[in-house]
Structures are given as structure tokens and as C-alpha cells.
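> okay, predicted coordinates and the sequence, questions at the end:
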Amino acid sequence: MTQLLRGAPVAKQMQEQSASRVAALVQEGIMPTLALVRVGNRPDDLSYERGILKRAEAACVQVQTTVLPQDCTTHDVLDAVEAANQDPAIHGVLLFRPMPEQIDQVAVCAALNPHKDVDGITQGSLYGVFAHEPRGFAPCTAEAVIRMLDFYEITLEGTHAVVMGRSLVVGRPLAALLLARNATTTVCHSKTHQAERLCASAQLVIVATGHPQSFSAVGANPNQVVIDVGITWDETTQSLVGDVDFASVEPVVKAISPVPGGIGSLTTAVLIDHVVTAAERSIA
């Protein structure tokens, strides 16, 4: 029978651990605090923010939100980032992206203090991921995959893992995290020849293509673990779907994460964990 790798029990364990660590920090006079910088009121940003606030409250992490108008300038966003950089009471900063077209997003990300970059968007954080050095933080979704695999005691060392997708948000940093755990890692993308054949020989496949239901049973095998990172609203079925064709893949593989209820539910738990770690580092 296929094992379902649900995110809820992983997130619950992380939340309990974060709350315990926050209690210890409060004893030291430190209140872990996350600053959110949001431009406009995109529905997906607002949904993500609600999830963050709920998770932060459960772990007793404070959240400060700065909301800028949709027509603001790059200078306005840079001012908000610099204010968070300079505030010693703020330990982590999350920038909602993508930002409107008039914003120089590269400049905004570069302006963020890497020590407060809790979502792995700065060059300093990404360098730590790719160099396998304990600096900064990995992107939350990429790390959420590793946390899930660890929770379900899925062996990484020596495993042939295929990552489908090469974005800097998930694919490439996740490949680096897997390499750091001694997995033999292949990255597939839109120009990869015979990607399905590569996947079919792998013990672990992580699908982060951004294309709904793009991974089918053709690339699956009975000894395989499949992690679905994608999440898209399907207008036809009026439901959330992942990058994996769950109906065809689930009966074939050894274990699979569902959508919804899989990796998506872990991302905010990893974010809060990063904020607590940043607060701990501030007094180390």
C-alpha cells in the first residue's frame, strides 16, 4: 500500500519545537519577531500571510507587517527593507514576491540583510546553501522537502534523487541540499532529453516544475518516493492540484506527498523555525 507523506504531523512537530525554543528565548529577554513587507493586496499574498500569522501565533513569534501601495516605487520598498534591517528587535524579514513590475526586485532582495533573510533570497543565503556552509537560510520550500523526508525516515545518502525544476526558489537549492546529504542528484528541466526515463530509474523524485500534473506514472516505479511541490487552482475541477498526476502515480509508487496537505503546509513552519533560529543567533 502506498504511504501518504502528509505535511501536518511534520508541521506539528516543528511548531512544538519552535514554541519550546521561543520560551527559552523569552527567558533571555528576546522575543523572536518576523517583519513582513508586502506590496499591494494580491489574494495569494494575503492567503500566505494568513497562514504565516496563524503559525507564528501558535509558536508565540511576533509579526510586524508593512503594507505598501500597489503603485509604490522601488525607493519606497528599499526604505521599508532598510528600516527592518536596522531594527534590532526584528530577527527575520519576509518579502512577498513577485512584486509589481515597476519595482526593481533584484535591488530589493540585494538590500536585505542576509542575517535576517529567513527565506533564502539573498546571494549570501544562497551561497551558504550551494557551498554547504552553515550561513543564512535555505529557501523555505526547498528545506520543507528535506524536513519531510527526514520526518518519514526516508534515506537520502546514496539515493538516486531526481529534481524536476531548476528555479532558485526550489529546484537548484533543493538539489544542493540533497547533495549535502550525499544523495546522487540529477536536475531535470524543460530542455532535458528523456526526463521520464531518468525519473523512472530514480528512488526519489521531487517535482517542482510549476506545470500542473506534468509528472505521470510513466516516470514512476514501485520503489520510488515522490514529493509534489506544485500547487495550482484547477478551474475545471474547482480544486487544488499539484505538479504530479496523483491519480496515475499514487497506485504505482512506494510513497507520495498529496496536494493539498503535503509540502505546502510545511513552508510556514519552516519559515517560523528560521525566525527562531535567527533570534537565537542574535545572542550567540
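Received the coordinates, thanks.
> only C-alpha atoms for contact and neighbour calcs from this point on.
Fine.
> partners of the worst-scoring helix or strand of the chain on mean pLDDT, with directions?
Least confident helix or strand, the chain: strand 232-234 with a mean of 85, by mean pLDDT, DSSP states H and E. If you go by DSSP bridges, strand 232-234 pairs up with strand 239-241 (antiparallel).
> next SSE after the partner strand?
Tracing the chain past strand 239-241, the next element assigned as helix or strand by DSSP states H and E is helix 246-249.
> who does that following helix touch, helix- and strand-wise?
Judged by 3 or more Cα pairs under 8 Å, 6 or more residues apart in numbering; DSSP states H and E, helix 246-249 has no packing partners among the helices and strands.
> again, only using 10 Å
strand 225-228, strand 255-256 (3 or more Cα pairs under 10 Å, 6 or more residues apart in numbering; DSSP states H and E).
> so which bits of that helix are buried?
246, 249 (16 or more other Cα atoms under 10 Å).
> report the mean per-residue pLDDT for that helix.
Average pLDDT, helix 246-249: 97.
> only C-alpha atoms, please: export it in PDB.
Extracted in PDB, the C-alpha atoms of helix 246-249 (Å, rounded to 0.1, in the frame of the first residue of the first chain):
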ATOM      1  CA  PHE A 246      -1.700  11.900  -8.400                       C
ATOM      2  CA  ALA A 247      -4.400   9.600  -9.700                       C
ATOM      3  CA  SER A 248      -2.000   7.800 -12.000                       C
ATOM      4  CA  VAL A 249       1.200   7.900  -9.900                       C
END
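> now do it: everything it contacts.
2, 213, 215-222, 226, 228, 255-259 (Cα atoms under 10 Å, 6 or more residues apart in numbering).
> about what we covered before: how about TSV for the helices and strands packed on helix 246-249, with distance to Thr122 added?
Below are the helices and strands packed on helix 246-249 laid out as TSV (distance: least, Cα to Cα, whole Å):
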stretch	distance to Thr122
strand 225-228	25
strand 255-256	31
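> point out the most buried one among these.
strand 225-228 (a mean of 27; mean count of other Cα atoms under 10 Å).
> where do the helices sit along this protein?
Counting by DSSP state H, the chain has these helices, from start to end: 8-27, 43-59, 74-86, 105-111, 123-130, 140-151, 171-180, 195-200, 246-249, 264-282.
> give me the contacts around the longest one.
I take that to be helix 8-27. So helix 8-27 is in contact with 28-32, 55-61, 144, 147-152, 261-270, 272-277, 279-280, 283, going by Cα under 10 Å, 6+ apart.
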